[in-house]
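Trainee: 3D model of this:
(chains A and B)
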Amino acid sequence: MLEVANLEVVYHDVILVLRGISFTVPEGEIVALLGANGAGKTTVLRAISGLLDVHNGDITKGEIKVDGEPTHKLDPAAIVKRGVVQVMEGRRIFAEFTVEENLRVGAHTAGGNIEATMAGIFDLFPILEERRRQLAGFLSGGEQQMLAMGRALMSKPKYLLLDEPSLGLAPLLVQQIRDVIVEINTRGTGILLVEQNAAMALSIASHGYIMETGKIVMDKPAVELAQDEDVREFYLGLHATGGERKSFRDVKHYKRRKRWLS
Amino acid sequence: MTQFLQATVAGLSLASIYALLALGFVLIYKSTQVLSFAHPALMVFGAYFVSYFAVTIGLDFWLSLALAMALTALLGAVIERLALRPMVGKPLFSMAILTIGLDIAIRVVVNDLIGLNLRGVGDPWGFSTVKLGDVVIETRVIAMFITAVVVTVALLLFFRYSKVGLAMRATAADQEVALAQGISVHRIFALAWIFGGALAALAGMFTSTGPAGLSPTSWIVALKALPAIVVGGLDSVHGAVVGALIIGLAEGYTSTYQATAMPWLGSNFSQVVPYLVMLIVLLAKPYGLFGTEEVERV
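Mentor: Numbering: from 1, shown residues only, chains lettered A, B, ... in the order given. Modelled structure (predicted):
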């Protein structure tokens, strides 16, 4: 179980970004974290994976536990060794490295048989095996996303943190990435999925959290979230009643609620 | 013909020195993206301690070399820990400038230790020479050349196949992503400076062999490794070697032929040649001959 309890994060000593966030990712489940731009979703992931330092951020309150052990004071390398690894937004693959080298960097903390792990990754993403010796920078966007996920999986994580895996991908590729996430999950990895594409995230998650300005404002099983009136209106772009897609002409901004009734 | 071969040998001898120095620069640049201007200081620091252990104290030469390399590696680690680690994540430019400051500070101390007279390093090669046909080759040059080749091959294999070498390249490419993969960036930085320091000491020892000796101006040689790595591309091991060869040979030939062919250029024109070559290469290939060009999908 990956637990985040009452987490508060401050950037540059003054900018309060997370104001007491709590949630859990049970072992082997997919949990979706949704929210508008600037809500603090990426900051949550950075806090979990220990990358706040790079951005001058600090955890000022609260704690993060991985399988009962607090990890919020550890450095990123130690956190990866505990089985928590993040796939960063925008893919961030090593463009000048070959595909295989990218994967081998991902296996930095993993002992044992790297070849076997890599074979598992190639099984999941056959296209990567085809392009094994090519420079990663020349892969297509979808392939780069797969490489980024494959690289993270090389450390054999127990929990995978995905930051906007569908970003900038065509609808068909989003489908493909979605299927891969499900496949990774069925192989036993718990997933925290941060997404703007709420429809995709809620279709595969077991539980969903909605963040606004540094707080969790709603938290329900994904099926219920997808039926929620507000979520349908603001995140799925559907009418509260009918279910048909809404024309922008009918959007009445003054009707938007100022607060979530959570 | 003899003159040409002799000039080639002189050029290769310079090239070996430049290559050893350049590899130290490349090693640090390749893992930290910092161009270490502290390298000349590390080099004379290492050379001084070889001289101190071997000549002043009278230890065995090879033991002295090992001790001096260890000490210089330690100095590299200290520089990394005290001066550069607090700067992680700051602009690379500031870090490079910082190394200039360190270079000056360390050199002042080392120059004071060296004193005003030439010092030998107690090397086993001395002034002995080997005659190949009409060409006279100093034994120390042969030793230098072999060392340069061995170090180059070792580094090439290291960056290509070893886990740490790969992690170093990853760290240079994107520190945050390297961190996210569980690579301890601090440890990588420390390792780069440790290896870089040891290499600098080795190169410093070689520059101080033979007639040159170790003097307060020995460090200037290290500045000529700079054109070598710029020509080869800052982050390329084989580039550094090719760059060193080009620069070394260009300098060797110029010093042999320019005095008769183009006397109007004045004496010591060969000292300028490395920088001239660097300029020309940069105009044609801004990333150097073998540097990593930014990969971009179009």
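
Trainee: how about the strands in the chain?
Mentor: In the absence of a named chain, this looks at chain A. Counting by DSSP state E, chain A has strands at residues A:2-11, A:15-25, A:30-35, A:57-66, A:69-70, A:84-87, A:159-163, A:190-195, A:207-212, A:215-221.

Trainee: ah, I was thinking of chain B
Mentor: B:129-132, B:135-138.

Trainee: most packed of those?
Mentor: Of the strands of chain B, the one with the most neighbours on average (mean count of other Cβ atoms under 10 Å in any protein chain shown) is strand B:135-138, at a mean of 17. Yep, even glycine has a C-beta here, placed from its N, CA and C like the rest.

Trainee: report all helices and strands that it contacts.
Mentor: helix B:2-32, strand B:129-132 (3 or more Cβ pairs under 8 Å, 6 or more residues apart in numbering or on different chains; DSSP states H and E).

Trainee: right, so those: which one is the most enclosed?
Mentor: Counting by mean count of other Cβ under 10 Å, helix B:2-32 has the highest mean neighbour count of the helices and strands packed on strand B:135-138, with a mean of 24.

Trainee: is any residue of that one near chain A?
Mentor: No: using Cβ under 8 Å from any Cβ of the partner chain, helix B:2-32 never reaches chain A; the gap is at least 11.5 Å.

Trainee: what pLDDT does the model give residue 155?
Mentor: No chain specified, so I'll use chain A. At A:Ser155, the model reports a pLDDT of 92.

Trainee: wrong chain, I was asking about chain B
Mentor: Turning to B:Leu155, the model gives it a pLDDT of 90.

Trainee: where's it relative to B:Val141, distance?
Mentor: Remark: distance between B:Leu155 and B:Val141 (Cβ to Cβ, to the nearest Å) = 21 Å.

Trainee: up against chain B, what does chain A have?
Mentor: A:49-51, A:53-54, A:75-77, A:79-81, A:85-86, A:88, A:92, A:94-97, A:101, A:104-106, A:108-109, A:135-138, A:140, A:151-152, A:155.

Trainee: in the stretch 51-200 of chain B, what residue comes closest to chain A?
Mentor: B:Gly182 (3.0 Å; Cβ to the nearest Cβ).

Trainee: that residue and A:Asp75 touch, don't they?
Mentor: No: B:Gly182 is not in contact with A:Asp75 according to Cβ atoms under 8 Å; the separation is 9.5 Å.

Trainee: between these two, tell me which one has more neighbours.
Mentor: B:Gly182 (29 against 15; other Cβ atoms under 10 Å in any protein chain shown).

Trainee: now the more buried one: closest residue in space that isn't a chain neighbour?
Mentor: What sits nearest to B:Gly182 in space, not counting adjacent residues and going by Cβ to Cβ, 6 or more residues apart in numbering or on different chains, is A:Val80, at 3.0 Å.

Trainee: nearest to B:Thr292, of the strands of chain A?
Mentor: strand A:84-87 (24.0 Å; Cβ to Cβ).

Trainee: what about B:Met214, distance to B:Asn111?
Mentor: Let me fix one detail, which is that residue B:214 is Leu and not Met. From B:Leu214 to B:Asn111 the distance is 10 Å (Cβ to Cβ).

Trainee: and B:Leu116, what does it touch?
Mentor: B:Pro216 (Cβ atoms under 8 Å, 6 or more residues apart in numbering or on different chains).

Trainee: rebuild the strands of chain B as CSV, extending it with distance to A:Leu7 and mean pLDDT.
Mentor: Output for these, formatted as CSV (distance: least, Cβ to Cβ, whole Å; pLDDT from 0 to 100):
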stretch, distance to A:Leu7, mean pLDDT
strand B:129-132, 71, 84
strand B:135-138, 67, 86
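
Trainee: any chance of these in TSV, with distance to B:Ile229 too?
Mentor: Conversion of these to TSV gives the following (distance: least, Cβ to Cβ, whole Å):
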stretch	distance to B:Ile229
strand B:129-132	30
strand B:135-138	25
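
Trainee: tell me which of the helices and strands packed on strand B:135-138 sits nearest to B:Leu63.
Mentor: helix B:2-32 (20.2 Å).

Trainee: residue nearest the centroid of chain A?
Mentor: Most central in chain A under Cα atoms, centre = their mean is A:Leu162, positioned 2.5 Å from the mean C-alpha point.

Trainee: which residues does that residue contact?
Mentor: Taking Cβ under 8 Å, 6+ apart, one finds A:Val87, A:Met149, A:Ile181, A:Ile191, A:Leu192, A:Leu193, A:Val194 in contact with A:Leu162.

Trainee: contacting residues for the first one?
Mentor: The contact partners of A:Val87, by Cβ under 8 Å, 6+ apart, come to A:Ala148, A:Met149, A:Arg151, A:Ala152, A:Leu160, A:Leu161, A:Leu162, A:Asp163, A:Pro165.

Trainee: which residue packs closest to residue 74, ignoring adjacent ones?
Mentor: Defaulting to chain A. Closest to A:Leu74 by Cβ to Cβ, 6+ apart is A:Gly50, at 6.1 Å.

Trainee: was after chain B, sorry
Mentor: B:Gly197 is the one closest to B:Leu74 (Cβ to Cβ, 6+ apart), at 7.3 Å.

Trainee: any chance of the helices and strands packed on strand B:135-138 in JSON lines, plus distance to B:Thr72?
Mentor: Below are the helices and strands packed on strand B:135-138 laid out as JSON lines (distance: least, Cβ to Cβ, whole Å):
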{"stretch": "helix B:2-32", "distance to B:Thr72": "10"}
{"stretch": "strand B:129-132", "distance to B:Thr72": "29"}
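
Trainee: figure out which of these is closest to A:His12.
Mentor: When these are compared (using Cβ to Cβ), the closest one is helix B:2-32, at 24.6 Å.

Trainee: average pLDDT across that closest one?
Mentor: 88.

Trainee: and the pLDDT for A:Asp98?
Mentor: Quick fix: residue A:98 is Thr, not Asp. For A:Thr98, the model assigns a pLDDT of 93.

Trainee: OK, contacts around A:Leu161?
Mentor: Contact analysis of A:Leu161 by Cβ under 8 Å, 6+ apart lists A:Leu45, A:Ile48, A:Ser49, A:Val84, A:Val85, A:Gln86, A:Val87, A:Ile191, A:Leu192, A:Val194.

Trainee: partners of it in the sheet?
Mentor: A:Gln86, A:Leu192 (DSSP bridges).

Trainee: cool, B:Glu138 as well?
Mentor: B:Thr129.
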